[in-house]
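Pasted the sequence and its predicted model underneath.
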Amino acid sequence: MPESYWRFCYLGPDGEEVCHELFAELESGLGEVLTGQVKELGGLQEVVGRVTDSALQVRLVEVVDAEAARLNGVLPEGFVLRRSDAATFAKKEEFFGVPGVVGMTHVDAFNTLRAQGYGVKTVWEWTSSAEENTVTDQSPAAGSFNLPPTVVNIWVRTLPPEPDIPDRTTFLTE
């Protein structure tokens, strides 16, 4: 991940959108707290690029995406976090819709969707008869006309959670 996936953007004086890496010096109109939160997001994003375990990387990217979406909701008017690959997507001549990932492994599905510029939210399920770590469903459906950076929910088969074991004995009285 040589460059930032998310970028911080605002309208410049000439009306053109100006974008910076998350860890760059940001505009002062953002406020100290929000500036700190955007820079923390940039730091986490940088860590994701250094992780070699693909499953861990998938989960960390989900955290970065969720935090970027949260921050976008509280940024003042005129400021926005954008995915840095939006320009690359705009240059593509053909659009075939949301990639179909049902039947893929969790990691392959995640990487396929991210490579096309989509956000990914994993929903873990344990009632499916599919193999563990296999995508069993997705929304929006494959081929639907949803442009990046739409978040695609993928349902992935996993083992059921361990039952809660009380740490102390409770006695019931009659």
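Alright, I've got the coordinates. Since the structure is predicted, the reported quantities are computational estimates derived from the model, not experimental observations.

ok, for V18, nearest residue in space, not its chain neighbours?
G12 (4.2 Å; Cβ to Cβ, 6 or more residues apart in numbering). In this view, the C-beta of every residue, glycine as well, is placed from N, C-alpha and C.

Next one: the residue nearest in space to the middle of the chain from L172, what distance?
Nearest residue to the geometric centre of the chain (Cα atoms, centre = their mean): D65, 3.1 Å. Remark: distance between D65 and L172 (Cβ to Cβ, to the nearest Å) = 46 Å.

What's the end-to-end length of stretch 46-59?
End-to-end distance of stretch 46-59 (Cα to Cα, to the nearest Å): 14 Å.

T158 contacts E131, correct?
No: T158 lies out of contact with E131 (Cβ atoms under 8 Å); the separation is 10.6 Å.

Which one of the two is surrounded by more residues?
Per other Cβ atoms under 10 Å, whichever of T158 and E131 has more neighbours is T158, with 16 against 10.

re earlier: report the contact partners of the residue nearest to the centre of the chain.
D65 makes contact with G119, V120, K121, V151 under the criterion Cβ atoms under 8 Å, 6 or more residues apart in numbering.

Repeat that for E32.
Counting by Cβ under 8 Å, 6+ apart, E32 has no contacts.

could you measure it against L44, distance?
19 Å.

Please apply the same query to L56.
13 Å.

which residues do these two both contact?
By Cβ under 8 Å, 6+ apart, no residue touches both L56 and L44.

Return the helix or strand in this protein with minimum mean pLDDT.
None of the helices or strands of the chain scores lower by mean pLDDT, DSSP states H and E than helix 86-90, at a mean of 46.

Would you mark the buried spots in the helix or strand just after that one?
Toward the C-terminus, helix 86-90 is succeeded by helix 106-115 as the next helix or strand (DSSP states H and E). Neighbour-count burial for helix 106-115, counted by 16 or more other Cβ atoms under 10 Å, picks out H106, A109, F110, N111, T112, L113, R114.

cool, stretch 149-161 as well?
For stretch 149-161, by 16+ other Cβ under 10 Å, it's P149, V151, V152, I154, W155, V156, R157, T158.

and the lengthiest helix in the chain, what's its mean pLDDT?
Assignment by DSSP state H gives helix 54-74 as the longest helix of the chain. The average pLDDT for helix 54-74 rounds to 81.
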